[in-house]
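Q: what follows is a predicted structure for the sequence shown.
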Amino acid sequence: MQTISLVILDRDGVINEDSDAYIKSPSEWIPVPHSPEAIALLNRFGIKIAVATNQSGLARGFYSEATLDLIHYTMQETLAKVNAAIDSIFYCPHGPDDDCICRKPKPGLLKQISQFYQCQLKDIPFVGDSMRDLEAAAAVGCLPVLVKTGKGNHTWEKYASQLPSNTLVFDNLMAFAKYYTSKYDEKSALLV
C-alpha cells in the first residue's frame, strides 16, 4: 500500500447544496459557496479528491444512473471553471433497507476508495456534514471532519458530545481546505 495525498468528501451538503427532496437533475446541483475554490486549493497542493456519497434516490426511483452521471458531469464542469477537479466518485445506489455494505455509516465506500488507490486510509480526512459520514470515517481510521454546511449545523447541535474523539469541525469546505493546506510547504503547490 502506498502513501497518497488524498481527501475524501461527501457530496451533498459539502460540495453542493443539499435537498430533502434529493438532487434529481443537473439543474438542481448548486455548489455550496466557495466549495469549488476549496477543491481547487486542495488540487494546487497535489491533493487528489475522492467523493463518497449515498445516492438512495437511485433505489427510490427518483433518478437514473444516466441522470446521476449527468449531475456529476455538471459538477466537474463547474469545478473546471476554477481549475478544480474531483479525481474519483464512489456512490452507494442502495436504499436504507437494502442491507448493503456501502451505505454510510457502513464503511464499504471508503474501503472501495482504499482499494482503488491502493492506500491505507489512516488519518486521511473524510469531510462530511452528517453523523453517518463521521461514523464511516472512524470505522476505517480516516480523520473525521465535520463541516457546518448542509446538515452540518444540525449535526453539530445534536451530536457535538457524540462525535468521534478526533473530529475536526469547520464552518465550510474552504475553511477546512485552508487549514489542511497550511501544513504543506508553499513550494509544493502545483502551478496552475
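A: Yes, it's here.
Q: Trp29 contacts Asp18, doesn't it?
A: No: between Trp29 and Asp18 there is no contact under CB atoms under 8 Å: 10.9 Å. To be clear about C-beta, it is placed using only N, CA and C from the backbone, and glycine gets the same treatment.
Q: and the lengthiest helix in the chain, what does it pack against?
A: The longest helix of the chain (DSSP state H) is helix 65-80. In terms of contacts (3 or more CB pairs under 8 Å, 6 or more residues apart in numbering; DSSP states H and E), helix 65-80 is packed against helix 35-44.
Q: show me what the helix it packs on is packed up against.
A: Against helix 35-44 (3+ CB pairs under 8 Å, 6+ apart) you get strand 48-54, helix 65-80, helix 173-181.
Q: how about these, which one is nearest Ile101?
A: strand 48-54 (12.6 Å; CB to CB).
Q: kindly calculate the angle that that closest one makes with helix 65-80.
A: Angle of strand 48-54 versus helix 65-80, following axes from the mean of the first three to the mean of the last three CA atoms, to 10 degrees, is 140 degrees.
Q: for strand 48-54, which strands pair with it and how are they oriented?
A: Next to strand 48-54 in the sheet, as set by DSSP bridges, lie strand 6-9 (parallel), strand 88-92 (parallel).
Q: what's in contact with that strand?
A: Strand 48-54 is contacted from outside by 4-12, 15, 39, 42-43, 85-92, 103-104, 109-110, 113, 116-117, 126, 132, 136, using CB atoms under 8 Å, 6 or more residues apart in numbering.
Q: mind running it again at 7 Å?
A: 4-12, 39, 42, 86-92, 103-104, 109-110, 113 (CB atoms under 7 Å, 6 or more residues apart in numbering).
Q: and what of stretch 4-22?
A: Contacts for stretch 4-22 (CB under 7 Å, 6+ apart): 23, 28-32, 35, 42, 46-53, 57, 62, 75, 110, 113, 117, 119, 124-129, 133, 142, 147, 149-152, 173.
Q: next one: stretch 127-143
A: 7-10, 13-14, 104-107, 110-111, 121-126, 144-147, 149-152, 155, 159, 163-164, 166-168, 173, 176.
Q: straight-line length of that stretch, end to end?
A: 8 Å (CA to CA, to the nearest Å).
Q: what about burial for the contacts of stretch 4-22, which qualify?
A: Buried members of the contacts of stretch 4-22, counted by 16 or more other CB atoms under 10 Å: 23, 29, 31-32, 35, 42, 47-53, 57, 75, 110, 113, 117, 119, 124-129, 133, 142, 147, 149-152, 173.
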